[in-house]
Each structure stands twice: as structure tokens, then as C-alpha cells.
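In: coords below, sequence missing:
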């Protein structure tokens, strides 16, 4: 299994498209930073225009913590989409270039080969989040300095500088779980669909529908708490005034469960399918 | 040794293979001839374990973890890696020796240059075929399956590949199965042939016998061949220095003998096959 993991990681990082994804991520981050640098103060002034009549704000609200929070919002769509594109390509290109046939003409166990892909895909998603987190903390603090965080979610919430840092770190950590789930979904879709473009379209559709359904009330309290698309915003819970660790833990376990089920379905389907 | 007995495979409404039985002994080069869509690739995929047969028995004898290697249609390799990296990757995958020495030995075995370090996507089809064979031969399988290996190769590439196949059989007594729709090429390297049509084996025998049954004449070439008046009895069609004659295998020996007596040099003599007869032997 270790050999297969090495091989998958080696193939992933020897392909130019992997580096295009990293580059795309850094471009998204740079756009957020540049926009904030040139227009951030105007936006903050606009958002706080009413409050500024009644309150006195001390310090710089356009600071590194706010920028990191902006970048963190790429977890809604941009980062999962990039991950789904790269991860699904780990299998669809093998189908299209027929290297999957060459692989299984060697004494290689089917389920182990695909499991290695799932594990490397999860590690890759984690690596991208780590890269995004590191660069966003370094660049945001470097360019905009530290300060209190102001977040608009069901009203304005303020967090002190040190508190904000930990909340952002936790959000990155728990957001990774959602991204691992999306990477597992895209690989399972690749097992089913085999073709690159079909898998991209269905992956993007899955992502969009999941995000849309997040806001839909299912008229059932239990379903509203356990269906997978209701769990994708768990990282956002760190920006409530009080951190609800109980809900976050349950949600994280449920995301882990859904990821496991998705992987098992993918392994089962791949094991059953003929190659070619 | 490879053998399959009464193999059947259906895809939805399409019958891909029907009651297919073939066998190939150790050190034998076995040819499977069929038109496009006849079922050759499906049979090879089944033998290589990529596709499951609906019914039938498959037996592949050999030692070690890999009994059989092969190439299906075109060699499928990682285009972004070079030849060394491709062989190393596939070697690691199956726990074969992946040292630089072993990789170089594999590449040398198939006649690939060791100094090519550019990605495989730049390789010619002939070189990819050789690299595909190097990958197939990793872990020393006792059988090798090559599906349409000559398709897309130029005459030099075809000759080089034929030589490589002959060397493999001579050196390692390997059992080799080759599928192709080009009977002219298969007839020069295979000891036995099976003809597959619409998923069924329609005839199977030693190569000379199969060819004898479907040869309707010969294409002779040589300067002054038109001067050979006796050829008239064989309904010749002349085109420059070429003559197509309707003759059987025994008659062609007499023709060549008579031509040599008349001091008419023959530069080539190629059989002309009746493909309808080859693929539908029960017709007549």
C-alpha cells in the first residue's frame, strides 16, 4: 500500500495541471489581497456607515484577520471546485489515456489502487488548505497587520485579535474536512463517469446544489442537522459569538462518516467494474 | 501455456464472444486474425484479466506473481514521464526490481536507447510499442499478449517489432499471442493461427494450413516475367514486372522452377489471400 501511495503522490506532482491548481489558488488569494488593498477601506466604511454614527471604532478594521476571513470564504466554491477538478483527473485521465489498463495488467489489487488514490486525494486537499492558510496568514499579516476581526453573519460580530487568530485557524482545520469530503465525492464520480468533462460538470453541479440546499429548510429538525449539505458550513460556526463545540464535533464526525461512505461506494463500484 | 475454453461474453445486446476456444503452448507464437470488431480485443482483455467472461474457463500457466503481460490496442503509458520513469513506476507498483540497473536492462531488452530522457509523449509509436513491451515484460511473465501491435507502424517498425518478438521467443521460450487484421504480417511470425469472425473462432490450425486454404494465387515479380509464355495457363494479370497468377501452393513451386529454367529471375513471390474464404471457411 505504501508503494501505491508513493506512486499516486509521484504522479500527481509530476503533472503540470497540479501546479496550475496551486497557481490558481494563489491567484484567487492575490485578487482578494489586491482588492482589499485598493478598495478595502471604502467597503468597510460603507458596511459600517450606520454604526459609525453611534460608535467609535478604535484601530484598523481592515487588517490581516479580516483579509484571512475573506480568503477563507473561498471554501464555499473556489477551493472545493479546484480540488474536485484535480482529484477527479487522477482517475479520469487514467481512463482516457488507458493507463488504467496497463496498471491492471500488472499484479495490482484493484481496491488498493483506488484506495491509494482516495488517500492521496485527501492529503492533497489538506496540502492545498495548508498552503492557502500559510500564505494567507503570512501575506495578510505582512501587508495589513493584525487587529480585531469584524464579521457580518446574521449581524455584525466582533472578535478580539488573539481570539480571531484561533477562530481562523480552527476554521481552516475544520473546513479541511469538508474539502476532503468533496474530493472523495469527485473521485467516486470519476469511478462512475470515467470521462473528464462529464465528471467536472457533475462535480460542479454537486457543489452548486450542495451550496444551494444548505439554505433550504427540510422541515425536519433531524434532517436539517444530519444531511451532508447541511454540514458544509461547519467552519463558519467558528464565527458565531460562542463556539458551539458540541455541534461542530457532531458535524465533523458526520462529515467523516459521509466521506467514508463515499469512499466505500467508490471502492465497491471500481472493484466490480471491468477495466476497458 | 495459455488456453481458454468455451468463453462467452455479451455486452447488453451485443454478442462479443461466442464459445471461443484457443490454446497456445509454451514457446509458441500464436496469431489471432480477425476484422475490426471481430472480438480480438475483448478476448485479449479477458485473458489479461481486465474484463470478466460471462462463462468459460481460462488457464494460464506460469510462475511468479505475474503470469501474463500484454498491450491492448495502443501502448498506454504515462505521457508526462520519460521511459526510465515509466518503467520504474510500473516496476515499483508490482514490487519488481526498480533499481537503475534493472530499468536499463528492461529498456535494452526491447532495444530502446538509454539516453532518451524526454517525456514519452514525444516518442514515435514504434518506440512506445517497445516501451509498452518493456512494461509488459516486468516481473518475467511466461506469456505475452500483443493486441494489434503492428497497427500504425511503418514497414521498418513492423520489421523491428517482428524481430523483437522472435528474439523473445528464442531467448526465453515465451508464449506469445498476437492479434491483428494483417494476415500477411502474422503469417511470417506465427506458428499457429486462429481466425475469429463475429466473436466466433471460424478456423484454427497451423499457419501453413490456414494459408493454403485461402491462397488463391501469387504475386510474382521479376524482370522479363511477361516473356514466360507458360504462365498463360495460370490466368496471369501483368502489371509491369509483376504478374498475378492463379495457382495453388504446389503449382507455385513448379512455376518458380520453370521460370528459373527460362532464366527469368524472381525477386519476390507473395501469396494472394481470399479474405472471404479466410473469414468464412464454411461458405464453400
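Out: Thanks, I have the structure now. Note that the structure is a prediction, hence the values are computed from the model and not measured. Numbering: from 1, shown residues only, chains lettered A, B, ... in the order given.
In: How much space separates the residue of chain B most remote from its centre from residue B:243?
Out: The outermost residue of chain B relative to its centre, with distances by Cα atoms, centre = their mean, is residue B:229 at 38.4 Å. The span separating residue B:229 from residue B:243 equals 12 Å under the rule Cβ to Cβ, to the nearest Å. Yep, even glycine has a C-beta here, placed from its N, CA and C like the rest.
In: Over to residue A:134?
Out: Spatial separation of residue A:134 from residue B:243 under the definition Cβ to Cβ is 80 Å.
In: Give me the more crowded residue out of those two.
Out: With neighbours defined as other Cβ atoms under 10 Å in any protein chain shown, residue A:134 and residue B:243 compare such that residue B:243 has more, 23 against 11.
In: pLDDT at the residue nearest the centre of chain A, what is it?
Out: To find the centre residue of chain A, average its C-alpha atoms and take the closest one (Cα atoms, centre = their mean): that gives residue A:179, at 3.5 Å. If you check residue A:179, the pLDDT there is 93.
In: do the same with residue B:283
Out: At residue B:283 the predicted local confidence, pLDDT, stands at 55.
In: got it, and residue A:51?
Out: The predicted local distance difference test score for residue A:51 is 61.
In: Over to the one 3 residues further on?
Out: The model reports residue A:54 with a pLDDT of 62.
In: Please work out how many residues are found near residue B:225.
Out: There are 22 residues near residue B:225, going by other Cβ under 10 Å.
In: mind checking which helix or strand residue B:4 is in?
Out: Under the assignment given by DSSP states H and E, the secondary-structure element containing residue B:4 is strand B:2-11.
In: buried set for that strand?
Out: Within strand B:2-11, the residues scored as buried using 16 or more other Cβ atoms under 10 Å in any protein chain shown are B:2, B:4, B:7, B:9.
In: Identify the residues contacting the last one.
Out: With Cβ atoms under 8 Å, 6 or more residues apart in numbering or on different chains as the criterion, the residues that contact residue B:9 are B:16-17, B:39, B:42, B:46, B:51, B:53-54, B:199.
In: roughly how far apart are it and residue A:222?
Out: Taken as Cβ to Cβ, the spacing of residue B:9 relative to residue A:222 amounts to 47 Å.
In: Residue A:127 now?
Out: As judged by Cβ to Cβ, residue A:127 and residue A:222 stand 35 Å apart.
In: Of the two, which one has the most company?
Out: Counted by other Cβ under 10 Å, residue A:127 and residue A:222 do not tie: residue A:127 has more neighbours, with 16 against 8.
In: And the pLDDT at the residue of chain A at minimum distance from chain B?
Out: Closest contact between chain A and chain B, by Cβ to the nearest Cβ, is at residue A:98 (3.7 Å). Reading off the per-residue confidence, residue A:98 sits at a pLDDT of 92.
In: Spell out the residue ranges of the strands in the stretch 51-200 of chain B.
Out: With DSSP state E, counting those that start in this stretch as the criterion, the stretch 51-200 of chain B has strands at B:55-60, B:68-71, B:143-147, B:175-180, B:192-197, B:200-206.
In: Do I have it right that residue B:61 meets residue B:142?
Out: Yes - with contacts counted by Cβ atoms under 8 Å, residue B:61 reaches residue B:142, the gap being 7.0 Å.
In: Identify the contacts common to these two.
Out: The contact sets of residue B:61 and residue B:142 overlap at B:26, B:67 (Cβ under 8 Å, 6+ apart).
In: the more surrounded of the two?
Out: Under the neighbour definition other Cβ under 10 Å, residue B:61 and residue B:142 were set side by side, and residue B:142 has more, 21 against 13.
In: separation between the closest residue to the more buried one other than its chain neighbours and residue B:21?
Out: By the measure of Cβ to Cβ, 6 or more residues apart in numbering or on different chains, the closest residue to residue B:142 outside its immediate chain neighbours is residue B:62, 3.4 Å from it. Distance from residue B:62 to residue B:21, counting by Cβ to Cβ: 20 Å.
In: Secondary structure element holding residue A:165?
Out: Assigning secondary structure by DSSP H and E places residue A:165 in helix A:161-193.
In: ok, back up a step: now do the contacts for the residue nearest to the centre of chain A.
Out: By Cβ under 8 Å, 6+ apart, the neighbours of residue A:179 are A:75, A:79-80, A:83, A:125-126, A:128-129.
In: The same query, at a cut-off of 10 Å, please.
Out: Counting by Cβ atoms under 10 Å, 6 or more residues apart in numbering or on different chains, residue A:179 makes contact with A:75, A:79-80, A:82-84, A:87, A:122, A:124-126, A:128-129, A:132, A:232, A:235, A:255.
In: Name the nearest residue to it, sequence neighbours excluded.
Out: Take residue A:179 and drop its neighbours on the chain: the residue closest to it by Cβ to Cβ, 6+ apart is residue A:125, 4.5 Å away.
In: name the element the one you found belongs to?
Out: Assigned by DSSP H and E, residue A:125 falls within helix A:110-144.
In: what's the average pLDDT for that helix?
Out: What helix A:110-144 shows for mean pLDDT is 92.
In: got the angle for it vs helix A:161-193?
Out: Helix A:110-144 runs at 150 degrees relative to helix A:161-193, counting by axes from the mean of the first three to the mean of the last three Cα atoms, to 10 degrees.
In: Could you list the buried residues of helix A:110-144?
Out: Buried residues in helix A:110-144, counted by 16+ other Cβ under 10 Å: A:110, A:113-129, A:132-133, A:135-137, A:139-141, A:144.
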